[in-house]
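Enquirer: fold the following.
(one chain, ligands or ions: 1)
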Amino acid sequence: MSIMFEKVALLGLGLIGSSICHGIRAKGLARHISGHARSAETRAVALEIKLVDDVHVHAADAVKDADLVILCAPVGACAALAKEIGPHLKAGAIVTDVGSVKGAIARDCGPFIPQNVHFIPGHPVAGTEQSGPRAGFAELFHGRWCILTPLPGADSAAVAKLTQFWEGLGSMVDTMEVGHHDLVLAITSHLPHLIAYNTVATAADLETVTDSEVIKYSASGFRDFTRIAASDPTMWRDVFLNNKEAVLEMLGRFSEELAVLQRAVRWGDGDTLFNLFTRAREVRRGIIAAGQDTAAPDFGRGHKPK
Ligand code: NAP
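Expert: Numbers count the residues shown, from 1 in each chain. All right, here's what the predicted structure looks like:
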């Protein structure tokens, strides 16, 4: 692909930021990449492994003359970054983000972005439980959805350019309204993480099951939960602080369904259990048919979906 942006600035150089860097390099989407991260250690690694061409202590310096600015920090850190960079953005630039929650980003960052800059929140629905600047890889976005949530009155040419950028990184792109995004992700991503954190914490708290037994006999169910529960605590704290209403709505529905299952187990209602499990299995088949995972058995051996 040809160069789309002369200069891209990435604020936050963890799993997602570094994966974008690798993707930009692999496809030649930008001539120059500037970076900013909070810690000196991350900034040093970013230079060492050539994620970026230059790295800055201050976000305001990284965005100077940038045509595309991507906020890649935890959701709760983005408003302060937007406030800092607002006065330093180039007229006509595109500012976007990768946060897992979109309503709070639009609400808290939007007011700091000047009128002559295109602010288009976004969310690549791709990730692993790893974090930090060494965790990224160019293929992270291949075949994965990236959801853009343009705000009312967004410039269609800027949305089209950002769409093309994510397609260049290998994503499929969809657009939706911020509130709808937050409801969808509450059930597909946020609630599963909450359940995984709770399941692992419950097992770890059980006095009758020693830690070593939990580890030694971890069947694939528990092991899969521990993988999800190994995700970055800062990122996930910010997700739940910033998508409260949608998560509580989905948690309410989940609790009702759980009560139905509890009742079926208590009364030996095999039909209810069988029917629900059958419906759930169909969902899994649908995900594989849509190319969002493979049917290969995964016993924690680290194969990546194509
Ligand atoms: P990560 O690997 O933990 O990296 C976070 C980066 O943000 C680090 O470079 C960190 O700097 C920097 N940072 C943290 N607080 C900051 C602050 N106050 N000011 C400036 N920089 C700060 O996280 P990630 O997985 O890339 O997640 C980044 C964003 O992507 C989050 O908003 C998350 O919701 C979203 N997201 C994540 C996934 C996923 O699966 N991980 C998927 C889709 C979207 P230091 O290294 O110096 O601390």
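
Enquirer: quick one: the residue sitting furthest away from the middle of the chain from Leu273, how far?
Expert: Most distant residue from the mean C-alpha position of the chain: Trp267, 40.3 Å away (CA atoms, centre = their mean). Going from Trp267 to Leu273 by CB to CB, to the nearest Å gives 10 Å. Quick note: C-beta positions are derived from backbone N, CA and C, even for glycine.

Enquirer: my guess is Met172 contacts Cys146, does it?
Expert: Yes. Met172 is within contact range of Cys146, at 7.3 Å (criterion: CB atoms under 8 Å).

Enquirer: the two: which is more packed in?
Expert: A count of neighbours by other CB atoms under 10 Å puts Cys146 above the other of Met172 and Cys146, at 24 against 15.

Enquirer: and the more buried one, which helix or strand is it part of?
Expert: strand 145-148 (DSSP states H and E).

Enquirer: any bit of that strand sitting next to the ligand?
Expert: No. Applying CB under 6 Å from any ligand atom, one finds strand 145-148 separated from the ligand by no less than 9.4 Å.

Enquirer: one more: stretch 152-166?
Expert: No. Counting by CB under 6 Å from any ligand atom, the ligand is not contacted by stretch 152-166; separation bottoms out at 12.4 Å.

Enquirer: please begin residue numbering at 25 from this point
Expert: Noted, 25 is the first residue going forward, which turns the last one into stretch 176-190.

Enquirer: show me which positions of that stretch end up buried.
Expert: For stretch 176-190, burial by neighbour count (16 or more other CB atoms under 10 Å) applies to Ala178, Ala182, Val183, Lys185, Leu186, Thr187, Phe189, Trp190.

Enquirer: what's the helix or strand for Ala130?
Expert: Using DSSP H and E, Ala130 sits in helix 127-133.

Enquirer: for that helix, packing partners?
Expert: Here helix 127-133 touches helix 99-109, helix 202-209, helix 257-266, going by 3 or more CB pairs under 8 Å, 6 or more residues apart in numbering; DSSP states H and E.

Enquirer: give me that answer again for 10 Å
Expert: Applying 3 or more CB pairs under 10 Å, 6 or more residues apart in numbering; DSSP states H and E, we find helix 127-133 packed against helix 99-109, strand 118-121, strand 142-143, helix 202-209, helix 257-266, helix 268-290.

Enquirer: those: which one's closest to the ligand?
Expert: Each of the helices and strands packed on helix 127-133 has some distance to the ligand by CB to the nearest ligand atom; the shortest is helix 99-109, at 3.4 Å.

Enquirer: packing partners for the closest one?
Expert: strand 29-35, strand 54-60, helix 83-86, strand 92-95, strand 118-121, helix 127-133, helix 257-266.

Enquirer: which stretches of the stretch 225-330 of the chain have low pLDDT?
Expert: For the stretch 225-330 of the chain, the stretches with pLDDT under 70 are 231-235, 321-330.

Enquirer: next, the most centrally placed residue in the chain: phi, psi?
Expert: Geometric centre of the chain, nearest residue: Ser124, 4.7 Å, by CA atoms, centre = their mean. Dihedral pair for Ser124: phi -80, psi -10, per degrees, to the nearest 10.

Enquirer: just list the residues touching the spatially closest residue to it that is not a sequence neighbour, thanks.
Expert: Spatial nearest neighbour of Ser124, chain neighbours left out: Val263 (5.1 Å); criterion: CB to CB, 6 or more residues apart in numbering. With CB atoms under 10 Å, 6 or more residues apart in numbering as the criterion, the residues that contact Val263 are 98-100, 123-125, 128, 206, 209-210, 213-214, 217-218, 255, 271.
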